[in-house]
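Participant: After the sequence you'll find the predicted model.
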Amino acid sequence: MRVETCHFCSRPAFPGKGITFVRNDARQFRFCRSKCHKNFKMKRQPRKLKWTKSHRAARGKEMIVDSSLVLSQFAKKRNVPVKYDRNLVAATVQAMQRVEEIRSRRERVFTKRRLAGKAARDRQREADRKVVASGEHLIRKELRDREANQPMVLDHNKAANRVHGEDLLEQRKKTRLLVDGGAEEEMQLDD
């Protein structure tokens, strides 16, 4: 049983599942589901769709596995069956375990590096909270005014700006071009 990867989204395409499309030049395209097949027929680029592995890999969200770590080297396509050899099987299993150790270690490092940005944002947010807590006496008056439902000075400025904005809207006039080349002014409608 050979588990192939989907041509579009790189998910596993299990035998007996999904769709196989064979082009006139005898090239085969395996798809894990009809969603991938339909997107392929619409000629969409997998790199531009957020749910594909190629998009995630291009944006640094997916760990790009080295060619030395690909497990497909243990499951090579062979035209001639290989005779069972106990030493060969033991060496292969041992190599697969070693590769899994390396892969898990690299995934941990990759995840730690990706989450470092989130940790930095959390540290910055905590520092901002400390600054606000240390300077609370500076904004205490504004907080009391807000609790008393008294308008602050900034509210008066907003009202002045709003009137100014309405004047600007009234100054703009709609014009319509006529067929003979002239222009006609239209009434300003309330929005």
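Facilitator: All right, it came through fine.
Participant: for F21, what are its contacts?
Facilitator: Contacts here follow C-beta atoms under 8 Å, 6 or more residues apart in numbering; on that basis F21 touches Q28, F29, F31, H37, F40. C-betas here are computed from N, CA, C, even on glycine.
Participant: Need the per-residue pLDDT for it.
Facilitator: With respect to pLDDT, F21 has a value of 95.
Participant: quick one, phi psi at it?
Facilitator: Backbone torsions for F21, taken as degrees, to the nearest 10, come to phi -110, psi 120.
Participant: go on, the one 4 residues further on?
Facilitator: Main-chain dihedrals, D25, degrees, to the nearest 10: phi -90, psi 20.
Participant: residues contacting K17?
Facilitator: When contacts are counted by C-beta under 8 Å, 6+ apart, K17 is found next to C32.
Participant: okay, which residue is most central for this protein?
Facilitator: For the chain, the residue whose C-alpha lies nearest the mean C-alpha position (C-alpha atoms, centre = their mean) is K50; its distance is 5.5 Å.
Participant: how near is it to K61?
Facilitator: To K61, K50 is 9 Å away according to C-beta to C-beta, to the nearest Å.
Participant: Go through the chain and flag its longest helix.
Facilitator: Using DSSP state H to define each element, the chain has its longest helix at helix 86-134.
Participant: Can you point out the buried residues in stretch 42-51?
Facilitator: Buried positions in stretch 42-51, judged by neighbour count with 16 or more other C-beta atoms under 10 Å: P46.
Participant: Convert the C-alpha atoms of it to CSV, please.
Facilitator: Extracted as CSV, the C-alpha positions of stretch 42-51 are listed here (Å, rounded to 0.1, in the frame of the first residue of the first chain):
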residue,chain,number,x,y,z
MET,A,42,-9.9,26.2,-12.0
LYS,A,43,-6.1,26.7,-12.5
ARG,A,44,-5.6,28.2,-9.0
GLN,A,45,-2.1,28.5,-7.6
PRO,A,46,-1.7,26.4,-4.3
ARG,A,47,0.8,29.0,-3.0
LYS,A,48,-2.0,31.6,-3.0
LEU,A,49,-4.6,29.5,-1.0
LYS,A,50,-4.1,29.7,2.7
TRP,A,51,-5.2,26.1,3.4
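Participant: returning to that earlier point: and which of the contacts of F21 is nearest to S10?
Facilitator: The shortest separation between S10 and any of those is 11.0 Å, and it belongs to F31 (by C-beta to C-beta).
Participant: confidence score at that closest one?
Facilitator: The score at F31 is 96. That number is its pLDDT.
Participant: For burial, what's the neighbour tally of it?
Facilitator: Applying other C-beta atoms under 10 Å, we find 23 residues neighbouring F31.
Participant: do the one 3 residues further on as well
Facilitator: Other residues lying near S34 total 10 when counted by other C-beta under 10 Å.
Participant: what pairs with the closest residue to it other than its chain neighbours across the strands?
Facilitator: Nearest non-adjacent residue to S34, counting by C-beta to C-beta, 6 or more residues apart in numbering: I19, 6.6 Å away. Each beta-bridge partner of I19 is listed here, defined by DSSP bridges: F31.
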